[in-house]
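1. Using only what follows, build the 3D model:
(one chain, ligands or ions: 1)
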Amino acid sequence: MVKAEDVKVREHVSEVPAFRLDNEQLAFRFTATLSDRSGQPVERLPDAGRLDDWLAANRLGLGGERAVGSDLVLARRLREAIHRAGSDVAAGSPARRADVTLINMLARESQSFPVLTEDGMRWQTEAGSQVQASLGLIARDAILALGGEQRDRVKACENSDCGGLYVDTSQARNRRWCSMNTCGNRAKKAKFRHGRTSAGN
Ligand SMILES: [Zn+2]
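-> Now for the predicted structure:
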């Protein structure tokens, strides 16, 4: 049986899925907390504690406040809104109104500002929920990615199981995978296997 004190240290337990942090765009790195969406989805934010961990790993922790269940629900809603809107943009379609509304609402409500420190920076919020302020920063990043200059470079991973989003910053605009470490590598291995099978037949 899982005891309350065990839950706090779950990040050290191997069955908790690790984060994928290699996406350059913050908002899309956030959508990658649900991976392999069209295959066998892996939920990488199984509880509020892991939301805290993700925010800290992405330097979005805003102090001592801990996420609660309602924060996790809101975080997942934002994540799915960003993913749907990003997939729509990647397909050349307009984003849906409900998704746009949620993203805009969270971005507007985020009263946080960056603070330069001796060894880097941190985010500070004047009032309200610190966790929601962090989600607001992710919403802002989504707006800049989906509505800004790089809008036409937003793409969906060519691995049909994945559905991951990324900004194709390559000069030739020919990037195909959300990440070379995961989908790019899988495709390379599959091609290699296929080549060997064909040669063997
Ligand atoms: Zn992918």
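2. Can you pull the residues of the chain lying near the ion?
-> C157, N159, C162, G164, C178, C183 (C-beta under 5 Å from the ion). Heads up, the C-betas are built off the backbone N, CA and C, glycines and all.
3. Tell me which of the residues you listed fall in strands.
-> Within the residues of the chain next to the ion, no residue falls in strands by DSSP state E.
4. From those residues, pick the one nearest Q130.
-> The closest of these to Q130 turns out to be G164 (C-beta to C-beta; 28.0 Å).
5. Report the separation between C157 and F28.
-> Going from C157 to F28 by C-beta to C-beta, to the nearest Å gives 10 Å.
6. who touches both of these two?
-> G164, L165, Y166, C178 (C-beta atoms under 8 Å, 6 or more residues apart in numbering).
7. dump the residue contacts of the second one.
-> Residues counted as contacts of L165 (C-beta under 8 Å, 6+ apart) are 23, 25, 28, 31, 83, 86-87, 90, 154-157, 178.
8. In strands, which of the residues you listed fall?
-> Those of the contacts of L165 lying in strands (DSSP E): V154, K155, A156.
9. Reformat these as JSON lines; add pLDDT and neighbour count.
-> As requested, those are arranged in JSON lines below (pLDDT from 0 to 100; neighbours: other C-beta atoms under 10 Å):
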{"residue": "V154", "pLDDT": "98", "neighbour count": "22"}
{"residue": "K155", "pLDDT": "98", "neighbour count": "22"}
{"residue": "A156", "pLDDT": "97", "neighbour count": "19"}
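10. Report the central residue of this structure.
-> F30 (1.4 Å; C-alpha atoms, centre = their mean).
11. what pLDDT does that residue get?
-> At F30, the pLDDT value in this model is 98.
12. next one: G69
-> The model's pLDDT for G69 equals 97.
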